[in-house]
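Asks: let's see this in three dimensions:
(7 chains)
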Amino acid sequence: MFRNQYDTDVTVWSPQGRLHQVEYAIEAVNQGTVCLGLRNDKYVVLAGLKRSPNELASYQKKLHKIDDHMGVAMSGLTADGRSLIKHMRTEALNDKYVYGKTIQGGRLVLELADMHQKCTQSYVRRPYGVGLLIGVCDQTGPHLYVTEPSGNYYEYYSMAIGSRSQTARTYLEKEFENFNTCSLDDLIKHALKALAASLAGDVELDNKSASIAVIGADKAYDLIEGPPLQKYLDAIEVEGGAVMEEDVVIETPDL
Amino acid sequence: MFRNQYDTDVTVWSPQGRLHQVEYAIEAVNQGTVCLGLRNDKYVVLAGLKRSPNELASYQKKLHKIDDHMGVAMSGLTADGRSLIKHMRTEALNDKYVYGKTIQGGRLVLELADMHQKCTQSYVRRPYGVGLLIGVCDQTGPHLYVTEPSGNYYEYYSMAIGSRSQTARTYLEKEFENFNTCSLDDLIKHALKALAASLAGDVELDNKSASIAVIGADKAYDLIEGPPLQKYLDAIEVEGGAVMEEDVVIETPDL
Amino acid sequence: MFRNQYDTDVTVWSPQGRLHQVEYAIEAVNQGTVCLGLRNDKYVVLAGLKRSPNELASYQKKLHKIDDHMGVAMSGLTADGRSLIKHMRTEALNDKYVYGKTIQGGRLVLELADMHQKCTQSYVRRPYGVGLLIGVCDQTGPHLYVTEPSGNYYEYYSMAIGSRSQTARTYLEKEFENFNTCSLDDLIKHALKALAASLAGDVELDNKSASIAVIGADKAYDLIEGPPLQKYLDAIEVEGGAVMEEDVVIETPDL
Amino acid sequence: MFRNQYDTDVTVWSPQGRLHQVEYAIEAVNQGTVCLGLRNDKYVVLAGLKRSPNELASYQKKLHKIDDHMGVAMSGLTADGRSLIKHMRTEALNDKYVYGKTIQGGRLVLELADMHQKCTQSYVRRPYGVGLLIGVCDQTGPHLYVTEPSGNYYEYYSMAIGSRSQTARTYLEKEFENFNTCSLDDLIKHALKALAASLAGDVELDNKSASIAVIGADKAYDLIEGPPLQKYLDAIEVEGGAVMEEDVVIETPDL
Amino acid sequence: MFRNQYDTDVTVWSPQGRLHQVEYAIEAVNQGTVCLGLRNDKYVVLAGLKRSPNELASYQKKLHKIDDHMGVAMSGLTADGRSLIKHMRTEALNDKYVYGKTIQGGRLVLELADMHQKCTQSYVRRPYGVGLLIGVCDQTGPHLYVTEPSGNYYEYYSMAIGSRSQTARTYLEKEFENFNTCSLDDLIKHALKALAASLAGDVELDNKSASIAVIGADKAYDLIEGPPLQKYLDAIEVEGGAVMEEDVVIETPDL
Amino acid sequence: MFRNQYDTDVTVWSPQGRLHQVEYAIEAVNQGTVCLGLRNDKYVVLAGLKRSPNELASYQKKLHKIDDHMGVAMSGLTADGRSLIKHMRTEALNDKYVYGKTIQGGRLVLELADMHQKCTQSYVRRPYGVGLLIGVCDQTGPHLYVTEPSGNYYEYYSMAIGSRSQTARTYLEKEFENFNTCSLDDLIKHALKALAASLAGDVELDNKSASIAVIGADKAYDLIEGPPLQKYLDAIEVEGGAVMEEDVVIETPDL
Amino acid sequence: MFRNQYDTDVTVWSPQGRLHQVEYAIEAVNQGTVCLGLRNDKYVVLAGLKRSPNELASYQKKLHKIDDHMGVAMSGLTADGRSLIKHMRTEALNDKYVYGKTIQGGRLVLELADMHQKCTQSYVRRPYGVGLLIGVCDQTGPHLYVTEPSGNYYEYYSMAIGSRSQTARTYLEKEFENFNTCSLDDLIKHALKALAASLAGDVELDNKSASIAVIGADKAYDLIEGPPLQKYLDAIEVEGGAVMEEDVVIETPDL
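Replies: Residues are numbered from 1 along each chain as shown, chains lettered A, B, ... in the order given. Below is the predicted model of the structure:
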């Protein structure tokens, strides 16, 4: 009933100094499937729930490798995220080729944030409808970054985004002070517990839908999915549902 | 009566974080004629109902060959699909010429999805109003991909899209666990039965309207239409209507 | 009274997944003067009613030669059609010059359809308001194609488009099974009878307004108008009106 | 009271398949000062009423020479017509220079019509608000063409356009069958009589306002105005008003 | 209360075939300060009322020299006129340089009119809001041209434009038949009398506000302002007001 | 309550031949802080009130030097004025470099006015919201020019613009006839008195807010502010308020 | 309820000569987190409150180094500010490289202001929604500049911007006369006290959220955060909250 004349154009300010279109794009992130990340001073762990649109479909990858020392989890419009990930990979590759070393995480995140910002100031493109969790472990140690459609980015100890992510954040806030004294295995278990917390009541975490990625100073990007994930699930006493035969699990090729 | 101010521009977010124009383009796919695909670990089978706009017209091809190892079925705006198929063929050809080998299916699908995504972020072009089922059999085995106007793509064991495709999906969901133990002939019969399931009550599947394409590791793209299809139709005891004399069947040249 | 907010921009989808502007352009075709085509396995025949805007004006050509093996009839906006025909002639000429042989009909039709499609996806140009019947006889035999403003194209045994074309289509549907056994003369008579069927009650077909073009494997594009057409008109016992003296008939130069 | 939402943009189709902006541009032609043309098999005659905006102004030229074998009369927006005539002269000159011979009339008219068509399909420019009568006498004999803002063009035996042109057309329809047996002098008199017919009741044709151009196979573009026109006016017994002294008549330089 | 939907865009035709924006631009001319011109067969005289926005301001030049044989008076938006005059001077200079002779007046006027026309057909620029009186004396004798925002131009014996110009026109219509027998001095007096006629009742013509320019075959552009004008003012018995000391008169540098 | 449909686009004429957006930009000038200029036949004096947005801020410069022989005072949007001043300086520098002499004031003012005019004819940029007083003393003597957002420019003996400038103008109108017999010191006092006249009742002119610039044939641009201004203020018996310690006065660096 | 038709486009003037969109962008600055700056004749001090969006996030940097002699604090849209800071760093670097010396502060501020101004005159980009406090100490001594989205910039003795900045300004206004006699330590304490003044009642300043940067003639940009800040906090008797272990403090890498 209320017609807001300031919210259909990204280049129009509201009298309150807000950019409504940017806020609506953030809403698209809030409605994506949950993903989260956490770190201590040795490792970054990313976790996500793979989504299958249909019983007949394979699961959609939630975690994506950028380089040996960097990975991404995303929530929101998958197609938008894919476009950004593609750009990140190219940049990481360029740096390796030109400078002979891996790109520093913070620098790539900053560039990403600038791509977001440009879409909020020009009428040519809409803001990206995706939030990214970027886990990186470079010469400055492990980091976890979060980017927003607004072009803002933050560094976090641990963070969860997407629908129903509030319960995961509550878990992380309660536990994050213990992360630094954790072993990697315990860190992974915290990630799975936080993920489980964000599930709706009757859904259970299993090795088909959960997905974990680990990056460390001494450990290149390592994706843990399917059966290798089971031991962690068992350990946190979250029973998976009827597990598909392993040979039937198909993977969408990495984008 | 309700005027939605957020749904006439693809670059405008709704307050709920949705892009209505993309959703409306998906509706164009839902209203196209049905097509479907299914696979086991040896073959991919695509199936479609050829549409004739008029008694005097030839049937419109539903299945299109991209390369020896790849084929496409489409639902939605034919003209939009044609434009995308043209691009896929060029890409497949380029790869053969440049690298001396066939393009990997997933890579081509990813590029296709990016073409879709770009149309959802810019005001220059509307989103494509077509969904594609891509069957491919490359060094990584047989795959079935589905693309959406949103730029999303999924891998499926089997999938049906288009109008009345729900009943076909129901059939596929019930049967797909048996596909892996199927012979190719049985796989084709499953495709035809699923297709038949999606027909309106008084319409019957015949060798003029049904169309099947098979791709396998040891089998280049093979289109089965008309009389060669009859034995499968007979086998599933779906009686075709009055079959036209064979020599009268005209084929629209492949696009 | 009903204001449709989705129908003034060709790049806007309606919630039902339709492109209204494309549908309105098709309406322009429906209101053009009638033209039709029919074929058997030796010949394609195009027929049209030449329109004179005024007693003092010459008749407008309805049939246009593209090349020896190809001709076009059109309904809708003449100026739009002329622009497309110009393009077709250039293409046909290019192929002759570059490859030393005549262009295949289906390939040219496909390109034409792509020109239509592009106008339905971009805000720069409106969709073409013209439908074309393309008669062609190449190494693959005789074909009759129909293009639409939407970018769709179909192959037909016989088809009529334009205002009052329904009655012509009814005639063609009733008779088309006999075409293959017809002589060329009989085929021409069928074309004239179908054309006559589409006339309003008190209008009669005569050799000034009717126009026939024949293309065959052994017969280059042959336009039959004026007195040479009379014997066919007499044969079908459709009496022409007061025929102008032959030397007074002026022809608009072919476009 | 009735708001037509489809008539303010030339690239928008109405649901009835019409382009209203093109129709409104044609209305600009209907309100221009009258001009007309007629031909037999030897000559084309163009005639127009020169308009003076004010007692103190010279008369505006209505007839314009393109080349020795071609002339133009126009009705509608003079400034638009001037832009088109400028283009025609350049083209005619180019052809002479490149091919060493005069351009064929029909070819130039076709090109002109394409310029009109382009303005009806793009949002960049409005349709031209002018109609042209083109008289030409080339190797194919004398022709009279008429172009419309829509991009349509027609060949006529004789035609009148502009405000109050209906009465001129009525005269021409009644008499045109006699033109072929006419002498050139009689043809000129028919032109003047038709022109006189289109005048409002109390206005009389005189040698200041009437203007005649003649083109023939053996006769280069010949403009007859002022005193030389008087003998024809006398012959048709149309008395001119108070004739200005001849030396006072000023001519706007040809555009 | 009446909302005209066709008058805010120069590229939109009204249903009556009018371009309202062009008509509104002409209204800007009608509200400019008056200027006028008149000629006989030896001389052209331009006259204008210099406007001072304020008691403290110098008078604005109304008459501008283009070249020795050409001058301009303008009414309407001064800034628009300045832009056109700048173009005319450049053109005149170019011609001198390239062809070694002065440009013909009619040719420059035509080019000017084309600049106007282009602004009426494109959405990029608004129509110029200025009317020009161009006095020229070239090898074809003296001429007086008037251009309009529409792109129309006319040749006149004498003409006045701008606010309250109707009374000046009335004077000119009554007297213009005597111009050809006039001496140059008498022609200047006619110009001043016509100018005086257009003044509001209590305003008097003086040598500060009135401005005269003379061009003849044997006389380069000659501007008569201030004291040298007084003898003509005295002669027509129009008493100037309190004349400023001559040395206080400042001239805006010519644009 | 009254909705004016012609006032939101600078390229749209109102039916009265007005450009409302230009008029609104002029309103921005009327609301800027006051500035004024006056001249005799030896000197030009510019004066302005420096504005401090806040007790903690330095005063904003109102007077800007372009070159030794030219200075500018501005009222309206400071940021717009700065952009124009930057352009003027570049031009002045270019002329010195290319021609080895200072640019003539009138020529630079004309160019400035053309920059204004272009913004009133194109939809690309809004009109500049600033008025400039340009004081210049070149080989043609001292001049005072005023430019408007409309692209108009005038030469004045003396002028004041900005809010409450009417009382300053009244003072100048009363006194300007005495300027020519004034010494430079008296001219400066007239400027300060006019400035004082424009102040609201309880505000007093002091050496922090008032600013004077002098240009003469024998005197390069000289800015008089702060303590050196005090003797003039004392002389006109306008007592400044509590003067800040001199060493605390900070100057914004010249733009 | 009141619909303002002049406030959705930055290139549209309101009838009152205002640019509403620029004013709305300034509102975005008013709602950013507070930051402030103050100077005496030796040092500039910048202070800001680092914001943490969440307990799990690191604090966002408020102060950014441009070069050894220049730093920036910002309030408003962080992403917009980042884009401007990036530009400033590039410029500072360029100057060092090209001229071999550090850029003068005022010159860089001016360029920054011009970037703002351009966004207020063109429809291509919205105005930047950020205000910057720039502290610089160059050959002309210490300066504190403030830029606004309007393109205005001011020099201040001391200033605070952002939400609740009014109380900080009140403190600064009361104390700024003592700054020049302050030691650097006292200057820092004034900055912290002003910052504390702007906090909501129950929030306390601690060494995690407060951030200070100092620049002086003899002191390169020095950022004081965390424990090193504690002694100043203790000195002003503002007790920090529960301080995190130092080794847990993570810094977002400088942008």
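
Asks: all the helices of chain A, in order from the start?
Replies: A:20-30, A:78-99, A:105-121, A:165-175, A:184-197, A:227-235 (DSSP state H).

Asks: tell me how far the last one lies from the chain's centre.
Replies: The one in question is helix A:227-235. Distance, stretch centre to chain centre, for helix A:227-235: 21 Å (CA atoms, centre = their mean, to the nearest Å).

Asks: returning to that earlier point: now the helices of chain A in JSON lines, with mean pLDDT and mean neighbour count?
Replies: Every C-beta, even on glycine, is put in place using the N, C-alpha and C of the backbone. Converted to JSON lines, these look like this (pLDDT from 0 to 100; neighbours: other CB atoms under 10 Å in any protein chain shown):
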{"stretch": "helix A:20-30", "mean pLDDT": "93", "mean neighbour count": "22"}
{"stretch": "helix A:78-99", "mean pLDDT": "92", "mean neighbour count": "17"}
{"stretch": "helix A:105-121", "mean pLDDT": "92", "mean neighbour count": "21"}
{"stretch": "helix A:165-175", "mean pLDDT": "94", "mean neighbour count": "18"}
{"stretch": "helix A:184-197", "mean pLDDT": "95", "mean neighbour count": "21"}
{"stretch": "helix A:227-235", "mean pLDDT": "93", "mean neighbour count": "15"}
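
Asks: closest one to residue G:164 among those helices?
Replies: helix A:20-30 (22.4 Å; CB to CB).

Asks: angle of that closest one against helix G:78-99?
Replies: With axes from the mean of the first three to the mean of the last three CA atoms, to 10 degrees as the basis, helix A:20-30 and helix G:78-99 are set at 110 degrees to each other.

Asks: quick one: is helix A:20-30 near chain B?
Replies: Yes. Using CB under 8 Å from any CB of the partner chain, we find that helix A:20-30 touches chain B at A:20-21, A:24-30.

Asks: how about stretch A:208-228?
Replies: No. Stretch A:208-228 lies out of reach of chain B by CB under 8 Å from any CB, never closer than 13.6 Å.

Asks: report the buried residues of that stretch.
Replies: Neighbour counts over stretch A:208-228 (16 or more other CB atoms under 10 Å in any protein chain shown) mark A:208-216, A:221-226 as buried.

Asks: per-residue confidence at the spatially most central residue of chain A?
Replies: The centroid of chain A falls nearest to residue A:73 when counting by CA atoms, centre = their mean (2.3 Å). For residue A:73, the pLDDT comes out at 97.

Asks: need the contact partners of stretch A:176-184.
Replies: For stretch A:176-184, the surrounding residues in contact (CB atoms under 8 Å, 6 or more residues apart in numbering or on different chains) are A:38-43, A:45, A:157-158, A:187, A:190, A:214, A:216, A:219, G:56, G:248.

Asks: which of these fall in strands?
Replies: If you go by DSSP state E, these have A:38-39, A:43, A:45, A:158, A:214, A:216, A:219 in strands.

Asks: quick check, pLDDT for the closest residue to chain D within the stretch 51-200 of chain A.
Replies: Among the residues of the stretch 51-200 of chain A, residue A:123 lies closest to chain D, at 17.6 Å counting by CB to the nearest CB. Reading off the confidence values, residue A:123 has pLDDT 74.

Asks: who's in contact with it?
Replies: Applying CB under 8 Å, 6+ apart to residue A:123 gives the contacts A:9-11, B:123, G:123-124.

Asks: need the residues of helix A:20-30 next to chain B in JSON lines (columns: distance to residue C:84).
Replies: Converted to JSON lines, these look like this (distance: CB to CB, whole Å):
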{"residue": "A:20", "distance to residue C:84": "44"}
{"residue": "A:21", "distance to residue C:84": "40"}
{"residue": "A:24", "distance to residue C:84": "42"}
{"residue": "A:25", "distance to residue C:84": "41"}
{"residue": "A:26", "distance to residue C:84": "47"}
{"residue": "A:27", "distance to residue C:84": "45"}
{"residue": "A:28", "distance to residue C:84": "42"}
{"residue": "A:29", "distance to residue C:84": "46"}
{"residue": "A:30", "distance to residue C:84": "49"}
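
Asks: so what's the residue count around the closest residue to residue A:229 other than its chain neighbours?
Replies: Spatial nearest neighbour of residue A:229, excluding adjacent residues (CB to CB, 6 or more residues apart in numbering or on different chains): residue A:207 at 4.4 Å. By the criterion of other CB atoms under 10 Å in any protein chain shown, residue A:207 has 23 neighbours.

Asks: now residue A:207: phi and psi?
Replies: Backbone torsions of residue A:207, given as degrees, to the nearest 10, read phi -80, psi 0.

Asks: ok, it to chain B distance?
Replies: Residue A:207 sits 18 Å away from chain B, going by CB to the nearest CB, to the nearest Å.

Asks: one more: residue A:135?
Replies: With CB to the nearest CB as the criterion, residue A:135 and chain B are 23 Å apart.

Asks: which part of the stretch 151-255 of chain A gets nearest to chain G, residue-wise?
Replies: Checked against chain G (CB to the nearest CB), the nearest residue in the stretch 151-255 of chain A is residue A:151, 2.9 Å away.

Asks: just grab the bridge partners of the residue nearest to the centre of chain A for me.
Replies: residue A:63, residue A:133 (DSSP bridges).

Asks: OK, contacts around it?
Replies: A:35-37, A:46-48, A:62-64, A:132-133, A:135, A:213.

Asks: mind giving me a markdown table with those and columns for pLDDT?
Replies: What follows is those, written out as a markdown table (pLDDT from 0 to 100):
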| residue | pLDDT |
| --- | --- |
| A:35 | 96 |
| A:36 | 97 |
| A:37 | 97 |
| A:46 | 98 |
| A:47 | 97 |
| A:48 | 95 |
| A:62 | 90 |
| A:63 | 96 |
| A:64 | 96 |
| A:132 | 97 |
| A:133 | 97 |
| A:135 | 97 |
| A:213 | 97 |
